[in-house]
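# heads up, no residue letters with this:
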DNA sequence: TATGAATGAGTGTTCATTCAT
DNA sequence: GATGAATGAACACTCATTCAT
């Protein structure tokens, strides 16, 4: 494995050389206007070409930077840039969806709102939505996809409250995320009607899980 | 515009030079032991590294070929290799799932079997399953993802027969495929229990769509 | 269409990524010792093997560089390198011929000096002369071959001054350039006597156009 | 020099392996409908992309052949194909121009007709005209450009007959060919008026050389 | 904090040619 | 006379990264 990596990479991986990325990561924020400018350009590139298609050169162009050196300076590796980009879009999605979900009182209503607000997020910000799904697959998989835990907790609370029937919360959470992501892509790619899809999907899910 | 392109690229793009790939494609099969050897190596590479990670060099190594020239000779472009690999994998999945689904008489049973056999396919051939999902995203998206039409037709027949309630078949089909793919990846990556997941997912779906 | 192109090709074509080439081009010079080193090696390669025969690898060898990456870093594409090489060569020829022509007062004398200094340029710098002719065909054709306009203007002024008879200046300019280039190649390839050829050609041309 | 060539080439160059090409060349004809089909396709390719741009693959496509093997079978090397193609177009041009020139009695008229018929050949067969010029540069240079000898002989006879003044026939022949070729390209590329150009060029040349 | 220059490994694809029927 | 398969070298070009200021 490590045989395949250029030696320079390993140094950074081993944390021998600390970059600003390391510092910022420890501080849990993106900080600095430069970093933000780069991350937002990365979001657009990922939305357009997928996370596999992201390259330093493309980000340089998208952000109007002078050299790729700026990126490696601020983020270290490509992987790190992708990770921070993922956090960035996740934060944006959470800021959009979170309050709406929190405003609901019953678990069934929260789930429905989770679905609806997720799909509405596309209309609000299709670029971020697209990037979010792609990054969830590429980065989220590597980091463990923590988003599922929240969903599983919600299901569990709904079952304890008697709102939802008994079912395996992990399987349901995985399936729901997959269903939503596929629907988002369908809307983004094929231009389906967001409101209709949201209502239909929410109904499908509610019937699947309600007591 | 076209002036700037190296001439070599252009004519293969335009399909000017017919490669063995062209012939085989017209005949609708992979044919030739060499081609099959290459496609099967490609399946393994895609399963391991994703379709974006597939390179001619990796296929050469995986298949034990002498040079990448063999691949471009037989398939022309990387895209064509990926497309044929997708077909190959799809055919295998269809051969596994098709008869089981056909053996069912009711639509609800067919849907349940579609889900179960799809997940069981992982246990039978995890490499092909992984490749199938990845290729469906990368190649299937480009070609229009014809698999959905079958699902939508099934739903429609179920509705006409009174087995299924009224719902938007397209939304449901998209959601179901997304749910299954996510579940497959979860099983493959996290090692969840296939039987349990299949039963749970089938139950979720049945409740969502039955009349 | 554009789907089939490897993404990397596209953005350089679109000029998305600005390379040092872009900067230098805007500044209207070659600048930087590295760039000059590369261009001069390119001149020698073109003189030896023709512009079609120029490859990054040959330039690397000729210039003693460490990798072809240096060329694409500084010039972007092969086409751009060729274009800059053409400019370089043209500038050298103009520096040699320009003052001599400017020193003449009559148009007939200017034309004669144009021919003679052009052929003498070969003796001074056969490598540059060879490269100039080849690049004029390959690159100049694409860019419109502006050199002709100067010749046509000269003819026109001569006609207005009564030095030259009435004739179609475009046809004459094209023919003269073709005649000179063919003569240069003949000298370079067959080793004809430059002085003799210059005198003979000048006489032919003068008789053809004088009033 | 020979170091750079793949070993296989050298065998053929050394004449160790004789191909049908060798046989046909000895017999001084193209023969065989297959060979003709290939040569004519090669003419079209050269006209379109230049002789440097000719490749076996492109000829295969242009001629609708099944494999490049057919070309190497019939012609041996790429160089040989180019040479035979050059002969082919030269023969066509000669068949068009020869009789017209022969019909003239004075040398001055022959020269004028040489120029006019050469330019008219473009209108008759622009593809062959384009290919002829390109091949004359690429192949003709290598083989010594025998066409010039005829022109020089004509000039000499004109001088002996007192029709033409004393001038160096070689320089004049080279210049005339260069002038004509440049004019042909100008017509083909820029769409100049053939009749006008022919008349103008003939007048220029006549004034340059007449006694 | 910033950046111009450099780099070695890698990409897919085309090249003319030969091997073996 | 014909041809499908194979091949190693070459092609322009991009990759993420490091060096040196």
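The structure has been received and is ready for your questions. As the structure is a prediction and not an experimental result, all values here were calculated from the model. Numbering: from 1, shown residues only, chains lettered A, B, ... in the order given.
# just confirm yes or no for the longest helix belonging to chain A near chain B.
Across chain A, the longest stretch assigned as helix under DSSP state H is helix A:78-102. No - Helix A:78-102 stays clear of chain B (CB under 8 Å from any CB of the partner chain), getting no nearer than 13.1 Å. Placement of C-beta: from N, CA and C, glycine included.
# so what's the residue nearest to residue A:78 when sequence neighbours are not counted up against?
Closest residue in space to residue A:78, ignoring its immediate chain neighbours: residue A:56 at 6.9 Å, by CB to CB, 6 or more residues apart in numbering or on different chains. Residue A:56 is in contact with A:68, A:71, A:72, A:78, counting by CB atoms under 8 Å, 6 or more residues apart in numbering or on different chains.
# and those residues, which is closest to DNA strand E?
residue A:68 (6.3 Å; CB to the nearest atom of the strand).
# let me see the contact set for the closest one.
A:56, A:57, A:59, A:60.
# and if we set it to 10 Å?
By CB atoms under 10 Å, 6 or more residues apart in numbering or on different chains, the contact set of residue A:68 is A:55, A:56, A:57, A:58, A:59, A:60, C:17.
# any chance of those residues in a markdown table, plus secondary structure and pLDDT?
Shown next, in a markdown table, are these (DSSP: H, G, I helix; E, B strand; the rest coil; pLDDT from 0 to 100):
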| residue | secondary structure | pLDDT |
| --- | --- | --- |
| A:55 | coil | 91 |
| A:56 | helix | 91 |
| A:57 | helix | 90 |
| A:58 | helix | 90 |
| A:59 | helix | 92 |
| A:60 | helix | 91 |
| C:17 | coil | 43 |
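# and which of these is nearest residue C:99?
residue C:17 (39.9 Å; CB to CB).
# can you tell me the element residue A:172 falls in?
Taking DSSP states H and E as the definition, residue A:172 sits inside helix A:169-190.
# got the angle between whichever helix or strand comes after that helix and helix B:169-190?
Using DSSP H and E, the helix or strand that follows helix A:169-190 in sequence is helix A:194-209. Helix A:194-209 runs at 60 degrees relative to helix B:169-190, counting by axes from the mean of the first three to the mean of the last three CA atoms, to 10 degrees.
# for helix A:194-209, packing partners?
Counting by 3 or more CB pairs under 10 Å, 6 or more residues apart in numbering or on different chains; DSSP states H and E, the packing neighbours recorded for helix A:194-209 are helix A:107-124, helix A:147-160, helix A:169-190, helix B:169-190, helix B:194-209.
# these into CSV, with extra columns for distance to residue D:102 and mean pLDDT?
Formatted as CSV, the helices and strands packed on helix A:194-209 follow (distance: least, CB to CB, whole Å; pLDDT from 0 to 100):
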stretch, distance to residue D:102, mean pLDDT
helix A:107-124, 79, 94
helix A:147-160, 89, 93
helix A:169-190, 70, 93
helix B:169-190, 78, 93
helix B:194-209, 89, 97
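# to residue D:201, which of those helices lies closest?
helix A:169-190 (60.7 Å).
# ok, residue A:63 touching residue A:81?
No - if you go by CB atoms under 10 Å, residue A:63 and residue A:81 don't touch, sitting 11.5 Å apart.
# who touches both of those two?
A:38, A:39, A:42, A:71.
# near DNA strand F, from the residues you listed?
Among the shared contacts of residue A:63 and residue A:81, proximity to DNA strand F is found for residue A:71 (CB under 7 Å from any atom of the strand).
# mind picking the two most distant members of the shared contacts of residue A:63 and residue A:81?
Between any two of the shared contacts of residue A:63 and residue A:81 (CB to CB), the greatest distance is 10.1 Å, for A:39 and A:71.
# where do the contact lists of the two overlap?
Contacts common to residue A:39 and residue A:71, judged by CB under 10 Å, 6+ apart, are A:59, A:63, A:81.
# buried among the residues you listed? Make that a PyMOL selection.
The buried subset of the shared contacts of residue A:39 and residue A:71, as determined by 16 or more other CB atoms under 10 Å in any protein chain shown, is captured in PyMOL by this line:
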select buried, chain A and resi 59+63+81
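# ok, the shared contacts of residue A:39 and residue A:71 vs chain C, which is closest?
residue A:59 (10.6 Å; CB to the nearest CB).
# the closest one and DNA strand E, how far apart?
13 Å (CB to the nearest atom of the strand, to the nearest Å).
# what of residue A:196?
Distance from residue A:196 to DNA strand E, by CB to the nearest atom of the strand: 39 Å.
# try residue A:88
18 Å.
# any idea how far that residue is from chain D?
48 Å (CB to the nearest CB, to the nearest Å).
# do the same with residue A:154
Where chain D is concerned, residue A:154 sits at a distance of 60 Å (CB to the nearest CB).
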